[in-house]
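Participant: Quick one, what's the 3D model for this:
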Amino acid sequence: MKLNFSQEVLVLPGAVLSHSDAAPEALRVLLWVASDLSLAEKPTTLSKLADCDAKTVRAALTYWREAGVLVNDGDGAIPVAAQPQREPSKKTLLKRADELPTYTSTELAALLEKRESVRVLVDEAQRILGKIFNMSEINILVGMLDYLGLGEECILLLLAHCKRIGKVNLRAIEKYAYPLVERGITDVTALEEEIRTVEALYSFEGQVRKLFGMKSRALTSREEKMLRAWVSFGYDIEIVRRAYELTVQATGDASLPYANSILERWNAENLKTAEAIDANIEEEQAKRAKGSGAQKNAKQTDAGTLGNSFDTDDFFEAALQRSFREIGVGSDEQSKT
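Facilitator: All right, here's what the predicted structure looks like:
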């Protein structure tokens, strides 16, 4: 029998033989470090490869250092493997993109070979986005899984959602995921709720843009806040259309802030359906018509002694025009007067 050296070769110090009683996890950690010394600086990645948690990895590295198997490097610096390791908080990591892990091609190949779930994730992610990933894109995907703490199902949900809203670049999707994780949206239920809200807003925004004649410029933060509020009120585009029509009637312009004031009032009055809103509009119009009619009748009564049935405003306007003609005042003089 002989050793097959047709594949990669690992070289271990002979001192390892005197530690055959080392824990299996410690032996696996050492083998992976021997395959790539830079792994000693990546306890999170190393824990995935060695199939143990980061705490066990740090204990294993300390064990081999104390055994003399791992030693200081040539210039006297203490290797990272010999230093106490502390996992930085997820929130801190998300503030600096340059702190995100970078996997070597060897690490990625090992992960794909060892973890079937990662292979399945990559295959399904490629199918969703309709492309074959390069190593950099696989690196992003694995980083989202192992570093951001998103599960496979969450990542696939996120990819499908991003494709629907026009984001297909994995780097852009990764950046899109950061604020979600910071807000604690890392489980399927929370992510599904977020996706429903965002996609409803995207569709709603397009309809509002068309209704108000808005061009393709980005919404201001105030406008976006208004639209989010309308969605939170439970108002669809048909209800917004009613507010739009009232806005144009009142102002002659498609004013988003004016429409917002109408929608906020309806929400405050708990008018949630188109039927309830239509009834409210008709009621208000009837009140205004009644008030206007009463005012007109009063004016007509005051002018009754003159034998006129027309509005007193018309009467005084006509009288004023006659006065101007009698004294020969031109239109320019009228304006001054």
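Participant: How about the secondary structure of A218?
Facilitator: Three-state assignment for A218 (DSSP: H, G, I helix; E, B strand; the rest coil): coil.
Participant: Give the buried residues for stretch 39-46.
Facilitator: By 16 or more other Cβ atoms under 10 Å, the buried positions in stretch 39-46 come out as L39, A40, K42, P43, T45, L46. Backbone N, C-alpha and C define where each C-beta goes, glycine included.
Participant: Show me where the stretch 151-300 of the chain has its helices.
Facilitator: Shown for the stretch 151-300 of the chain, the helices assigned by DSSP state H, counting those that start in this stretch span residues 152-164, 170-182, 188-212, 221-233, 237-251, 256-268, 274-302.
Participant: Which one of those lies nearest to V71?
Facilitator: V71 sits nearest to helix 170-182 of all the helices of the stretch 151-300 of the chain, at 37.4 Å, using Cβ to Cβ.
Participant: What are the contacting residues of that closest one?
Facilitator: Helix 170-182 is touched from outside by 90-91, 94, 97, 129, 133, 137, 140-141, 143-144, 148-150, 158-159, 162, 167, 186, 191, 194, with contacts defined as Cβ atoms under 8 Å, 6 or more residues apart in numbering.
Participant: Go through those and flag which are in strands.
Facilitator: Of those, none are assigned to strands by DSSP state E.
Participant: avg pLDDT for stretch 188-202?
Facilitator: The average of the pLDDT scores along stretch 188-202 is 87.
Participant: Tell me which of the helices of the stretch 151-300 of the chain sits nearest to R65.
Facilitator: Here helix 170-182 is closest among the helices of the stretch 151-300 of the chain (Cβ to Cβ), at 33.6 Å.
Participant: Could you give me the buried positions within that closest one?
Facilitator: L170, I173, E174, Y176, A177, Y178, L180, V181.
Participant: Pass me the low-pLDDT residue ranges in the stretch 201-337 of the chain, would you?
Facilitator: By pLDDT under 70, the weakly predicted segments of the stretch 201-337 of the chain are 292-337.
Participant: what about 80?
Facilitator: 215-218, 290-337 (pLDDT under 80).
Participant: swap in the stretch 1-150 of the chain?
Facilitator: 1-11, 14-15, 18-20, 36-38, 41-45, 54, 71-102, 149.
Participant: where do the helices sit along it?
Facilitator: With DSSP H, counting those that start in this stretch as the criterion, the stretch 1-150 of the chain has helices at 24-35, 43-49, 54-66, 90-95, 105-114, 116-129, 135-146.
Participant: Around A279, how many other residues sit close by?
Facilitator: 12 (other Cβ atoms under 10 Å).
Participant: ditto for E116
Facilitator: With other Cβ under 10 Å as criterion, E116 counts 9.
Participant: Kindly report the same for R222.
Facilitator: By other Cβ under 10 Å, 10 other residues sit near R222.
Participant: and if you look at the one 10 residues further on?
Facilitator: With neighbours defined by other Cβ under 10 Å, the count for S232 comes to 11.
Participant: what's it in contact with, if anything?
Facilitator: Residues near S232 by Cβ under 8 Å, 6+ apart: none.
Participant: Equivalent analysis for G68, please.
Facilitator: Contacts of G68 by Cβ under 8 Å, 6+ apart are A15.
Participant: and if you look at Y202?
Facilitator: I165.
Participant: one step back: may I see the buried residues of helix 170-182 organised as JSON lines, with distance to V248 added?
Facilitator: Putting those into JSON lines (distance: Cβ to Cβ, whole Å) gives the following:
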{"residue": "L170", "distance to V248": "44"}
{"residue": "I173", "distance to V248": "40"}
{"residue": "E174", "distance to V248": "43"}
{"residue": "Y176", "distance to V248": "36"}
{"residue": "A177", "distance to V248": "41"}
{"residue": "Y178", "distance to V248": "41"}
{"residue": "L180", "distance to V248": "38"}
{"residue": "V181", "distance to V248": "43"}
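Participant: Dump those to CSV, plus distance to V11 and pLDDT.
Facilitator: CSV is the format used below for the buried residues of helix 170-182 (distance: Cβ to Cβ, whole Å; pLDDT from 0 to 100):
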residue, distance to V11, pLDDT
L170, 36, 91
I173, 40, 92
E174, 37, 90
Y176, 44, 90
A177, 40, 91
Y178, 40, 88
L180, 44, 90
V181, 40, 88
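Participant: Could you measure from R115 over to L61?
Facilitator: Counting by Cβ to Cβ, to the nearest Å, the separation of R115 from L61 is 22 Å.
Participant: neighbour-wise, which of these two wins?
Facilitator: It is L61, of R115 and L61, that has more neighbours when counted by other Cβ under 10 Å, with 26 against 17.
Participant: What are the phi and psi values at G213?
Facilitator: phi 70, psi 30 (degrees, to the nearest 10).
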